[in-house]
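1. requesting a structural model of the entry that follows:
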Amino acid sequence: MNGPARSTPHASSKAAVLDIIRAAGTISRVGLINATGLTGATISLAVRKLLDEGLVLETGRAESTGGKRRVLLQLNHNARYAVGVHLDHGGITYVLTNLGGAVVARITRPGAGGQEPSVIIQRMAGEVAALIARVGVEPSRVLGLGLVSPGPLCASTGMTRTPPPMRKWEDYPVDRELAAATGLPVVLDNDATAAALGEHWSGGMGSASTSAALYMGTGIGAGIVIGGITYRGNSGNAGEIGHVCVEAMGPECWCGARGCVEALAGPAAVVAAARADQALARLVDAKRSHQSLAADFAAVSRAARRGEPQATAILERSARYVAVAARTLANIMDVEFLVLTGPSFAIAGSVYLPIVREELDRGFFARGVHTVEVRLSHTAATAPAIGAAAMVLQSELVPLHAAQRLPENLTVDEPALAAPIV
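-> This is a model prediction of the structure:
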């Protein structure tokens with residue numbers, strides 16, 4: 001006889017079972033019972049539903065342990081797909097992922113720039129359609145579209161405060177307009193939070209109970225995963241580590257505060273420092289175009305990799321501020337695992353990674369209890385878009401309780417999960 005069902009954040013037993021199968025890779029029905037605490041009857045019914053819907057496949061048998069060899073289950077990776085879109089003023093990245101979160105198609109196009117949002121939305125709808133058609137996926141198998149952008153965001157109005165290049169997007173209902181243009185359900189979130197979810201969904205964060213993705217694109221942010229759940233805060237804008245003050249009398253940031261990490265160490269600050277350096281000014285766009293920010297940051301990063309001392313010094317200065325922000329985040333959240341991700345880390349991660357590691361090894365408050373593992377994401381350049389697609393997969397296939405916010409909520413008894421709710 002099975003014991004009581006373990007507490008779970010999932011909205012149904014079917015969602016819980018599918019999520020365990022996804023995380024395990026392959027697992028037997030007995031393994032599912034042990035992992036969830038659900039009854040054998042509940043597991044059988046949930047698995048049957050998943051098999052009938054084509055979401056799960058039976059894939060051989062486990063090694064014998066003396067009795068009948070157990071049938072193994074795994075995701076049917078090609079059963080469903082999701083689109084992820086990362087909208088930024090410097091570029092728009094689109095990915096199509098399968099059920100396991102693997103990218104099957106990817107394109108990058110020019111960013112929002114200074115054009116009207118309505119014009120960009122129509123362009124995006126055409127690019128999404130082309131992405132899906134490119135690999136011959138049936139539109140009916142596409143669950144929806146995840147859209148992510150720099151925060152802060154509001155569920156009802158979209159972007160509420162934006163970096164200067166995207167001021168036209170403030171209070172524009174970007175998710176509703178894109179849903180109408182594409183005919184797909186749209187889920188909207190912060191790009192750093194999405195990057196963290198993408199790392200978690202694909203297994204990039206291991207089994208750490210508290211982990212974070214430190215994100216750097218055109219700005220700096222962080223996504224936090226606690227007990228397998230992305231923590232979003234009250235309004236979905238948790239993790240804005242780029243707007244933590246590291247110099248009280250520092251330069252004014254676009255957010256209105258002074259001395260923010262982003263103002264002192266973000267890509268724009270790196271490019272500005274290079275522009276002011278006579279030896280590096282040749283590398284960057286003298287017109288100070290927002291569209292050229294990513295290209296300018298990449299040019300400075302390449303110069304550092306070539307060994308140019310001025311470029312190396314500028315990036316290392318930025319990395320020291322970012323490392324302090326990482327330590328702050330790790331101290332507040334007691335993080336076990338930190339992944340550096342985002343387009344700028346994809347370019348310059350080799351400079352930032354050792355400095356962040358050194359700072360955490362030296363200054364993390366709980367270092368006597370545990371270390372913080374730090375690594376560079378394998379998909380740093382496209383992490384927000386991959387995470388955006390993972391948002392769709394999670395919301396459509398493994399939904400969580402609507403009231404779920406913090407891991408302590410997981411201790412509440414969920415007796416309904418012992419019944420066959422599918």
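2. switch to C-alpha atoms for all contacts and neighbour counts from now on
-> OK.
3. ok, residue 249 to residue 259 distance?
-> 6 Å (C-alpha to C-alpha, to the nearest Å).
4. do residue 55 as well
-> 49 Å.
5. re earlier: between residue 249 and residue 259, point out the one with more neighbours.
-> residue 259 (19 against 11; other C-alpha atoms under 10 Å).
6. quick one: list the elements packing against the helix or strand containing residue 272.
-> For residue 272, the host element (DSSP states H and E) is helix 267-276. Counting contacts by 3 or more C-alpha pairs under 8 Å, 6 or more residues apart in numbering; DSSP states H and E, helix 267-276 is packed against helix 293-305, helix 309-333.
7. the strands in the stretch 101-250 of the chain, which residues?
-> Applying DSSP state E, counting those that start in this stretch to the stretch 101-250 of the chain gives strands spanning 103-110, 142-149, 153-154, 158-159, 186-190, 210-216, 220-226, 229-231.
8. where among those is average confidence lowest?
-> Among these, strand 158-159 carries the lowest mean pLDDT, at a mean of 56.
9. buried residues of stretch 101-113, list them for me.
-> For stretch 101-113, a neighbour-count test (16 or more other C-alpha atoms under 10 Å) marks 101-103, 106, 111-113 as buried.
10. ok, stretch 124-132 next?
-> 124-125, 127-128, 131-132.
11. list the contacts of that stretch.
-> Outside stretch 124-132, the residues within contact range by C-alpha atoms under 8 Å, 6 or more residues apart in numbering are 83, 94-96, 105-107, 138-139, 178, 181-182.
12. circling back to that earlier point, tell me which of the buried residues of stretch 101-113 is nearest to residue 322?
-> residue 111 (25.4 Å; C-alpha to C-alpha).
13. the closest one touches residue 94, doesn't it?
-> No - applying C-alpha atoms under 8 Å, one finds residue 111 not in contact with residue 94, separated by 11.4 Å.
14. just the helices in the stretch 51-200 of the chain please.
-> 117-134, 174-182, 191-201 (DSSP state H, counting those that start in this stretch).
15. and the ones you listed, which is most packed in?
-> helix 191-201 (a mean of 30; mean count of other C-alpha atoms under 10 Å).
16. now what about that helix, what contacts it?
-> 23, 86, 100-101, 148-151, 205-206, 212-215, 221-225, 228, 230, 232, 239, 341-342, 377, 383-391.
17. tell me where the model's unsure across the protein.
-> Across the chain, the ranges flagged by pLDDT under 70 are 1-8, 64-67, 151-165, 206, 285-291, 400-422.
18. domains for it, by residue range?
-> 1-76, 81-197+384-397, 205-377 (automatic domain parsing).
19. before we move on, the earlier item: quick one: buried ones out of the contacts of helix 191-201?
-> 23, 86, 100-101, 148-151, 205, 212-215, 221-225, 228, 230, 232, 239, 341-342, 377, 383-391.
20. what is the helix or strand hosting residue 353 packed up against?
-> Taking DSSP H and E as the criterion, residue 353 maps to helix 343-363. If you count contacts as 3+ C-alpha pairs under 8 Å, 6+ apart, helix 343-363 packs onto strand 210-216, helix 293-305, helix 309-333, strand 373-376.
21. out of those, deepest packed?
-> strand 210-216 (a mean of 29).
22. what strands line up against that strand, and which way round?
-> Here strand 210-216 has these sheet partners by DSSP bridges: strand 220-226 (antiparallel), strand 337-341 (parallel).
23. quick one, it and helix 267-276 angle?
-> Between strand 210-216 and helix 267-276, the angle comes out at 40 degrees (axes from the mean of the first three to the mean of the last three C-alpha atoms, to 10 degrees).
24. my read is that residue 303 contacts residue 313, right?
-> No - counting by C-alpha under 8 Å, residue 303 stays clear of residue 313, with 10.9 Å between them.
25. near residue 370, how many other residues are there?
-> The burial count for residue 370: 12, using other C-alpha under 10 Å.
26. assign a three-state SS to it, would you?
-> Following DSSP: H, G, I helix; E, B strand; the rest coil, we place residue 370 in the coil state.
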